[in-house]
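1. coordinates for the following, if possible.
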Amino acid sequence: MEFKRLVKLDLSDCKGLFLFGPRQTGKSYWLSKKFPKSIYYDLLLSDLYFKLFRSPHLLREELMAKKPIKHPVVIDEIQKLPKLLDEVQYLMERHKIKFILTGSSARKIKKGSANLLGGRALYQQLFPLVSPEIPKFDLYKIMRFGSLPSIYQSKRAKVLLQSYASVYLKEEIQAEALVRNLQAFSLFLEVVAKTNAELINYSNIAHDVGLSSNTIREYYHLLEDTFLGYLLTPYKKTIKRRSVSMNKFYFFDIGVKNVLTGQWDMIEGTAEFGRRFEHFIFNEILAYLKYTQDERKICFWRSKNHQEVDFVIGDNLAVEVKSGKEIRPRDLKGLKALSEEIPLKYKILVSLSEKTSRLIEKQFLMLPYKIFLKKLWSKQFV
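-> Got it, this is the predicted structure:
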């Protein structure tokens, strides 16, 4: 099955572009279809990697010999060889060659001297499949196996996810020298998966894993730098109701989270089922903001006395997510409390069970999740 991806790469007014995202989100495949005439360098190929590792200048010499180059040059997994960026910068500046640089980690690049080419290249990110990209998408399938393209359409989704977790999440992160203690990091991943979408208590996790709190914080940032998940910060602009200061964390894909916890079955009405539905909505909102270059920040809000809204986007959109069989008055408590603090334009309750939209108390919009997604991706909540 071919998926029409929503990410947009426009090189018309820039010299280059970084396309980041976890492995198997489809970066290489999509680029090969979009730019079939481009010159490709895949740094996962060991012979090519070692050749350019020893002699980075060969990239420049090879491309100079092929001038004029009419299509962007693609370098896959640039984080494996950040020193190539010096050659890339030279070719972009002096010879007007355009580049698309893909990566599954920005950590080494951020810490290297190249520093993302000093702003000379644009930044884009590719996520797992989102609802508008999947014809007749299956919510329950996504909530069980996630939406990585190769896994979503496979009949062996569980086996592929197990392989992904054991090979990439652990072995490749160690191979990149990003962690020293692989056993402790593996245990950390399991604990993070079990507390996905919950408030992070660094001290408790440190105790469970047997590491320091500072190391646990660094591991969370590692997951962000490798695009394996996202730290969600609390919304802090309320005055009467003070917000908590703890963060939350969401894995980039529900299936990856499930394989790390070993939880595959879903029982409606359980807390785990509700968390997966909330996770799904978060992934959709985050991808929407990135793909449409919407600069609003996504946060969550929880007051010290436990009033809560799942997602606050910018200062004008609040989204509460409910997977229960029916909407109850208490489900609106968080939205009501937040709306007394800030002038929200959109106060939305996303429902899994309801089939039609409703306006409650003339201000709270209850939307079935499919209608919410349609309105979100058609930019009706700007």
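2. the bottom helix or strand of the protein by mean pLDDT?
-> Least confident element among the helices and strands of the chain, by mean pLDDT, DSSP states H and E: helix 173-175 (a mean of 67).
3. quick check: which ranges of this protein have low pLDDT?
-> The chain contains residues with pLDDT under 70 at 110-120, 169-172, 174-178.
4. show me where it has strands.
-> 16-20, 40-42, 73-76, 99-103, 121-125, 229-232, 248-251, 298-302, 308-313, 317-322, 346-351, 358-360, 364-368 (DSSP state E).
5. which strands and helices sit next to the last one?
-> Packed against strand 364-368, as judged by 3 or more CB pairs under 8 Å, 6 or more residues apart in numbering; DSSP states H and E, are the following elements: strand 346-351, strand 358-360. C-beta: built from backbone N, CA, C; applies to glycine.
6. give me whichever of these is most buried.
-> Burial of the helices and strands packed on strand 364-368 is given as mean neighbour count (mean count of other CB atoms under 10 Å); strand 346-351 ranks first at a mean of 24.
7. hmm, who's touching it?
-> Around strand 346-351, the neighbours that count as contacts under CB atoms under 8 Å, 6 or more residues apart in numbering are 281, 316-322, 327, 331-332, 335, 338-339, 360, 363-369, 372, 381.
8. JSON lines for the helices and strands packed on strand 364-368, including distance to residue 129?
-> Shown next, in JSON lines, are the helices and strands packed on strand 364-368 (distance: least, CB to CB, whole Å):
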{"stretch": "strand 346-351", "distance to residue 129": "19"}
{"stretch": "strand 358-360", "distance to residue 129": "30"}
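9. and of those strands, who's closest to residue 212?
-> When the helices and strands packed on strand 364-368 are compared by CB to CB, strand 346-351 sits nearest residue 212, at 38.4 Å.
10. and that closest one, how far out from the chain middle?
-> On the basis of CA atoms, centre = their mean, to the nearest Å, strand 346-351 sits 22 Å off its chain's mean C-alpha point.
11. that one pairs with which strands, and in what direction?
-> Using DSSP bridges, the strands paired with strand 346-351 are strand 317-322 (parallel), strand 364-368 (parallel).
12. mind putting those into CSV with distance to residue 152 and mean neighbour count?
-> Output for the strands paired with strand 346-351, formatted as CSV (distance: least, CB to CB, whole Å; neighbours: other CB atoms under 10 Å):
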stretch, distance to residue 152, mean neighbour count
strand 317-322, 22, 24
strand 364-368, 22, 20
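13. want to try a markdown table for those, with distance to residue 289 as columns?
-> Shown next, in a markdown table, are the strands paired with strand 346-351 (distance: least, CB to CB, whole Å):
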| stretch | distance to residue 289 |
| --- | --- |
| strand 317-322 | 11 |
| strand 364-368 | 18 |
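14. who wins for proximity to residue 267 among these?
-> Across the strands paired with strand 346-351, residue 267 has its closest neighbour in strand 317-322 (16.4 Å, CB to CB).
15. what's the angle from that closest one to strand 308-313?
-> With axes from the mean of the first three to the mean of the last three CA atoms, to 10 degrees defining the directions, strand 317-322 sits at 140 degrees from strand 308-313.
16. just confirm residue 5 contacts residue 26, I think it does.
-> Yes. The pair residue 5 / residue 26 is scored as a contact, 7.0 Å apart, by CB atoms under 8 Å.
17. buried residues in stretch 204-221?
-> Across stretch 204-221, burial judged by 16 or more other CB atoms under 10 Å covers 205, 206, 208, 209, 211, 215, 216, 217, 219, 220.
18. show me which of the residues you listed is closest to residue 291.
-> Closest to residue 291 out of those is residue 220 (24.4 Å), distances taken as CB to CB.
19. count of residues packed around the residue lying closest to residue 69 once chain neighbours are set aside?
-> Nearest residue to residue 69 in three dimensions, chain neighbours excluded: residue 97, at 5.3 Å (CB to CB, 6 or more residues apart in numbering). When neighbours are counted by other CB atoms under 10 Å, residue 97 registers 24.
20. wait, residue 97 sits on residue 73?
-> Yes. If you go by CB under 8 Å, residue 97 and residue 73 touch, sitting 6.1 Å apart.
21. list the contacts for residue 354?
-> Neighbouring residues of residue 354 by CB under 8 Å, 6+ apart: 326, 327, 366, 368.
22. same question for residue 253.
-> With CB under 8 Å, 6+ apart, residue 253 has these contacts: 22, 128, 146, 147, 148, 283.
23. list the contacts for the spatially most central residue of the chain?
-> Here the mean C-alpha position of the chain is nearest to the C-alpha of residue 252 (CA atoms, centre = their mean), at a distance of 4.4 Å. Taking CB under 8 Å, 6+ apart, we find residue 252 in contact with 22, 127, 128, 227, 228, 229, 230, 283.
24. swap in residue 298?
-> Residue 298 neighbours (CB under 8 Å, 6+ apart): 232, 282, 285, 286, 289, 311, 312, 313.
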